[in-house]
Every structure is written in structure tokens, then in C-alpha cells.
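J.: I would like the atomic coordinates for the input below:
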Amino acid sequence: MMEPVGTAAGRLLIVDDEEINRLILSNLFEGIYEVDEAADGREALDKIEADPARYIAVLLDVMMPVLDGIEVLKRLAPAGYMERVPVFLITAERGNAVMEEAYSLGVMDFIGKPIVPYAVIKRVQSVVELFEARKRLSLTVEDQRLQLLERAEQIIELNRGMIESLSAAIEFRDGESGDHVQRIHDITKLMLTQTHLGEGLSSEDIDDIALAAIMHDVGKIAIPDAILCKPGRLTPEEFEIMKTHTVQGAELLARIPQMRGTGAYRYAIDIARHHHERWDGRGYPDGLAGDQISIWAQVVSLADVYDALTNKRVYKAAFTREESLRMIRDGECGTFNPELLACFFEVEPQICTLYERGAAAGPVTDGSAADGQPTGR
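T.: Coordinates of the predicted model:
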């Protein structure tokens, strides 16, 4: 016989309308498990429903008044009780119909009458230990799953932090505070969540696009300081060099192996390369037009222009909000998708609240887009 494991091993429920049968079974498991008794199926269900986690096994007679054993199984099965707790059916009737129905409902095994003590103890203990081991394994697996999720979240946050730090560092070179990239992130997310432009995109897609938007100007790391930080207008030759930041950014992102495993990867490369394309095909570097430009690249492009207009740069003072909106509406910063503009003006009051504004800017002498050089370089 297996060694008794003590009362701490758990509690059994013995269900039988014959008191002598309950007494025999209770005595068998004395010192091995604690035991509760029920005289019929209704009483058994009441005890189980009062505390579904109370028992580690149920020994259930078939033939009982009020509710018989099969009816008890039918009540327990929908809740998946037998998947968590082994139920043994006690019966002298071993007909095929009873056994088939009981097994289909999830009963673990049959205990035949008259009871053979050694066989009953060994069978019940073995199955209980198997179920308890499975529970411990499930808890271990779940604990490991939660730990992996936590580590994955930490890695995601670390990656995001590195992306934000790199992008902000590039903004510092450009004479910016680093807030520009966060504003582009927020404007992009707002436009995709608050207008129909985001239709067909999941919330995860939109989060990835907003993260990718942070990296739109990563290619500026390859632009010489003399050009990047130059106050005032660039010469045509300097502007050609500045325009290469789009291609440089896409190539840089493509060369980072760790980026390929992120959901933002394909969006980031597209946005970095195409956020200066324009609806009429007069943008750069590829001269894309209309729907050739992805909606996320279009959104970041407009967000970038709006932010460049309304904030001071090394080469220009800030325009007022009203003047910035007029310039965008009149196409002074390039042609945008009319549908995109309609959505932008719809949510611009919300976008405006993202900014902590200082005093309105005075007259502007630099930064005009009239000569074809975009306000946002």
C-alpha cells in the first residue's frame, strides 16, 4: 500500500445513500485524507457548489434518491468540474450503457461493489496525485508564462526607450528640444484613432505606426552639422544633401537586425523614406503621388509640417496657429490629400491641446515655403 500522506493532502467527498458504505470508505481513507460525506446527489451538489475548490476527489454512488450519480455528473459537466477534480463512480452495476454515459460525462473511473480496500486506496491516491501534479505543472507553466510576458514587456519598453532616445538625440543636433518626436507620435496616433483614416487598422497597428513615426527623421544623423544646424535657408546644393536624410533613414533602419522583429519595422522604413512625398508627386525622394503614398506616411508628413510651422527652428521663428493653418490649407507647404486635410482640420483643435504654447510669435522673416524649400526640412 502507498504510504499515507497525511490530512494535509486534501479532502475527499464521499456520496452514498447507504450510511454503512460511507463509513467503510471513510475508514479506508482515515489518516490519508480528510473526508466529507453526503447522503444523496442534491446534498453533494450543494457542498461542491458552496466551494468548488474544496475537494481533491469525489467518490459518487450511482443509485441514490433525490439525485442519482449520473444526474450529478450531468450537473457538474458543463462547468468542467471533472477536468479539475477526479470523480469516481461507485456501483455494483457495470452495464455498458451506464459506463458509456458516465465516461462521456467525464468520470475518471469506476469503483466496484463490493469494495476491495487495497485497490480502492491505490487507485484513488494514484489519480489524486496525478491531478495534483498536473495542477502544480499548470501553475508553474502559468508562472513562467507571466514571467516571460513581463520580460517581453520590459524589452518592448527598453526598445521603445532606445528608439525615443536615438530620435531625440537627432533632434538635439537639429537644435530641437526632443519634444518634436513625441508630438509627431501623439498627432499621428490621434489622427488615426479619431478619424476614419485609421479604419482597417487594429489598435496594435496604430501603436506601431505611432512608434514608427518617432523615427521619421532618423536619417538626419548622416547630415553634416553645417547643413543640419544652419540658420536660415539652405542653398540648392545643401538642400539636395538635406533631402538624402529620407533615404539614409530607411537604409539605416533596414540595417538594424533587432528592428526586424518589431511590428513597427515596415512602417518605420516606409515613413522614414516617404514622409516628404507630396500628393501631387512633387515631393522627394521618389516622387510618389496620390495613393502611391501610404496613409501612415501621409499622416506623419502632415504632422511634421504642422509641428515645424508652429514651433521655432534654427532656421525660422514660429508661425502663429492661425497662419500655420492658412499655409497648410493654401498649399504653401506642398499639396496634401484633400481627404487627409479634411480629417486634419476636423481634429486640429484636439491636436492643439497637445502643445504647451508660449507667447504668439512675432513677424516671420525666414522659413517661407514659397521657393519650394519645405518649412519642415
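J.: can we go C-alpha only for contacts and neighbour counts from here?
T.: OK.
J.: Using the three-state scheme, assign residue 110.
T.: Under DSSP: H, G, I helix; E, B strand; the rest coil, residue 110 falls in the strand class.
J.: Give me the neighbour count for it.
T.: Using other CA atoms under 10 Å, the number of residues around residue 110 comes to 21.
J.: do residue 201 as well
T.: 13.
J.: now residue 334
T.: Neighbours around residue 334, by other CA under 10 Å: 25.
J.: wait, it sits on residue 276?
T.: No. At 9.3 Å, residue 334 does not count as touching residue 276 under the criterion of CA atoms under 8 Å.
J.: Find the residues that touch each one of those two.
T.: residue 283 (CA atoms under 8 Å, 6 or more residues apart in numbering).
J.: Need the phi and psi values for residue 334.
T.: Backbone torsions of residue 334, given as degrees, to the nearest 10, read phi 110, psi 160.
J.: Show me the beta-bridge partners of it.
T.: In this entry, residue 334 is beta-bridged to residue 332, by DSSP bridges.
J.: where does this protein dip in pLDDT?
T.: For the chain, residues meeting the criterion pLDDT under 70 lie at 1-8, 94-95, 148-178, 258, 356-377.
J.: How is it divided into domains?
T.: 7-143, 174-352 (automatic domain parsing).
J.: Can you tell me which of these is packed in deepest?
T.: domain 174-352 (a mean of 19; mean count of other CA atoms under 10 Å).
J.: Helices of the stretch 151-300 of the chain, start to end?
T.: 179-194, 203-214, 225-228, 236-243, 245-254, 265-274, 295-310 (DSSP state H, counting those that start in this stretch).
J.: and the shortest one, what does it pack onto?
T.: If you count contacts as 3 or more CA pairs under 8 Å, 6 or more residues apart in numbering; DSSP states H and E, helix 225-228 packs onto helix 236-243.
J.: Next, work out how far apart residue 263 and residue 26 are.
T.: Residue 263 sits 60 Å away from residue 26, going by CA to CA, to the nearest Å.
J.: still on that earlier bit, can you lay out the helices of the stretch 151-300 of the chain as CSV showing distance to residue 329?
T.: Compiled in CSV, these are given as follows (distance: least, CA to CA, whole Å):
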stretch, distance to residue 329
helix 179-194, 17
helix 203-214, 23
helix 225-228, 27
helix 236-243, 24
helix 245-254, 25
helix 265-274, 21
helix 295-310, 11
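J.: of the ones you listed, which approaches residue 37 most closely?
T.: helix 203-214 (52.9 Å; CA to CA).
J.: thought residue 280 was touching residue 291?
T.: No. Using CA under 8 Å, residue 280 makes no contact with residue 291, being 10.3 Å away.
J.: what about the residue lying closest to residue 195 once chain neighbours are set aside, distance to residue 349?
T.: The shortest distance from residue 195 to any non-neighbouring residue, by CA to CA, 6 or more residues apart in numbering, is to residue 343 (6.2 Å). Per CA to CA, residue 343 is found 11 Å from residue 349.
J.: Which neighbours do those two have in common?
T.: With CA under 8 Å, 6+ apart, residue 343 and residue 349 have no common neighbours.
J.: So what sits opposite residue 313 in the bridge?
T.: Beta-bridge partners, per DSSP bridges, of residue 313: residue 316.
J.: ok, back up a step: so which of the helices of the stretch 151-300 of the chain is nearest residue 102?
T.: Across these, closest to residue 102 is helix 203-214 (CA to CA), at 46.0 Å.
J.: quick one: that closest one to helix 265-274, angle?
T.: 40 degrees (axes from the mean of the first three to the mean of the last three CA atoms, to 10 degrees).
J.: Tell me what angle helix 203-214 forms with helix 295-310.
T.: 50 degrees.
J.: Helix 203-214 packs against which elements?
T.: helix 117-173, helix 179-194, helix 265-274.
J.: try 6 Å
T.: In terms of contacts (3 or more CA pairs under 6 Å, 6 or more residues apart in numbering; DSSP states H and E), helix 203-214 is packed against helix 179-194, helix 265-274.
J.: contact partners of the shortest one?
T.: By that I understand helix 265-274. Residues outside helix 265-274 that contact it (CA atoms under 6 Å, 6 or more residues apart in numbering) are 209, 212, 216, 246, 247, 249, 250, 259, 297.
J.: change it to 7 Å
T.: 209, 212-213, 215-217, 246-247, 249-250, 253, 259, 297 (CA atoms under 7 Å, 6 or more residues apart in numbering).
J.: Please apply the same query to the first one.
T.: Residues from elsewhere that reach helix 179-194, judged by CA under 7 Å, 6+ apart: 167-168, 198, 206, 210-211, 213-214, 299-300, 303-304, 351.
J.: With stretch 49-57 instead?
T.: With CA under 7 Å, 6+ apart, stretch 49-57 has contacts from 10, 11, 12, 13, 85, 86, 87, 128.
J.: In strands, which of these fall?
T.: Judged by DSSP state E, the subset of the contacts of stretch 49-57 located in strands is 11, 12, 13, 87.
J.: So the third one is in contact with residue 48, correct?
T.: No. In this structure, residue 13 sits apart from residue 48 without contact. The criterion is CA atoms under 7 Å, and the distance is 8.7 Å.
J.: Could you measure from residue 125 over to residue 25?
T.: In terms of CA to CA, residue 125 sits 13 Å off from residue 25.
J.: same question but for residue 265, I mixed them up
T.: Distance from residue 265 to residue 25, by CA to CA: 65 Å.
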